[in-house]
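> Any chance you could fold what I've pasted below:
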Amino acid sequence: MNTILLIDDNIYVVEVFLEMLRQGGYLASVANTGEECLKILKNVVPDLILLDIMMEPIDGWETLEKIKGEITTAQIPVIMLTSKHVTPAEMEKYGKYIEDYVLKPVTNIQLCNVIEHVFQRQQTIQSAVDQAMRRGVHFGIVREYALLSRSVDINKRFLDIFKTRYILDNSNIDTIDSIGQTLEKLDTTLKFQKTRLQLIEKEIKTT
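Numbers count the residues shown, from 1 in each chain. The predicted structure follows:
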């Protein structure tokens, strides 16, 4: 059973999310602040973290940076929870650290789908890595493959999200311009990553 650490300072939201996670078959524990989360992580390493953004005294982004700054916790996948869309600036700064984000309110099915996608992506990449290592592929190539596979999948997700927002959000010209710039950057990055990943996949398969 996969273990999930939920960090949220709203006790009512926590109750709802805990029930969703239990119904989804996950073993869930709770921290009500960023500080409590960091204390728990000194002794417990969950399979995944659900992290609320709007918290005090340290918010979710600062907590995320601290999690990713420690060797023992840096590899734990983190999904951000938010009642508003992640901004282009936040995505540019923190996108490399997160697996996805969930917009509140969310249904049980939507939440579990996002979580399962992250776990399935991990398993798929790890399986490919294990096979490549058994065939004697150089570690550096295998590591790049793993990193790129994750990044391509995540950037596809974020590109779709921002495209949807770009189409729907026509109320603020500054927001539209900001999202448009983010779309261009993500699209350029994604094209480069896909090309590089295809080359690495060929190298791995022919080794």
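
> right, and I179 touches V86 too?
No. Counting by C-beta atoms under 8 Å, I179 does not reach V86; the two are 11.0 Å apart. Every C-beta, even on glycine, is put in place using the N, C-alpha and C of the backbone.

> So for these two, which residue has more residues nearby?
It is I179, of I179 and V86, that has more neighbours when counted by other C-beta atoms under 10 Å, with 23 against 20.

> tell me what the helix or strand hosting that one is packed against?
According to DSSP states H and E, I179 maps onto helix 173-206. Other elements packing on helix 173-206 under the criterion 3 or more C-beta pairs under 8 Å, 6 or more residues apart in numbering; DSSP states H and E are helix 88-94, helix 139-168.

> Which one of the ones you listed lies nearest to N2?
With C-beta to C-beta as the criterion, N2 lies closest to helix 139-168 of these, at 17.9 Å.

> and the angle from the closest one to helix 173-206?
In terms of direction (axes from the mean of the first three to the mean of the last three C-alpha atoms, to 10 degrees), helix 139-168 departs from helix 173-206 by 150 degrees.

> And this protein, split by domain according to the record?
Annotated domains of the chain cover 1-120, 135-207 [automatic domain parsing].

> Put together TSV for those, with mean pLDDT and distance to S127 on each row.
Shown next, in TSV, are the domains of the chain (pLDDT from 0 to 100; distance: least, C-beta to C-beta, whole Å):
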stretch	mean pLDDT	distance to S127
domain 1-120	94	11
domain 135-207	83	11
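
> so what's L50 up against?
4-8, 17, 78-79, 81, 102, 115 (C-beta atoms under 8 Å, 6 or more residues apart in numbering).

> Rebuild these as a markdown table, extending it with secondary structure, distance to G136 and neighbour count.
Shown next, in a markdown table, are the contacts of L50 (DSSP: H, G, I helix; E, B strand; the rest coil; distance: C-beta to C-beta, whole Å; neighbours: other C-beta atoms under 10 Å):
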| residue | secondary structure | distance to G136 | neighbour count |
| --- | --- | --- | --- |
| I4 | strand | 36 | 21 |
| L5 | strand | 37 | 22 |
| L6 | strand | 41 | 24 |
| I7 | strand | 41 | 26 |
| D8 | coil | 46 | 26 |
| F17 | helix | 44 | 24 |
| V78 | strand | 33 | 23 |
| I79 | strand | 35 | 19 |
| L81 | strand | 42 | 23 |
| V102 | strand | 40 | 18 |
| I115 | helix | 34 | 24 |
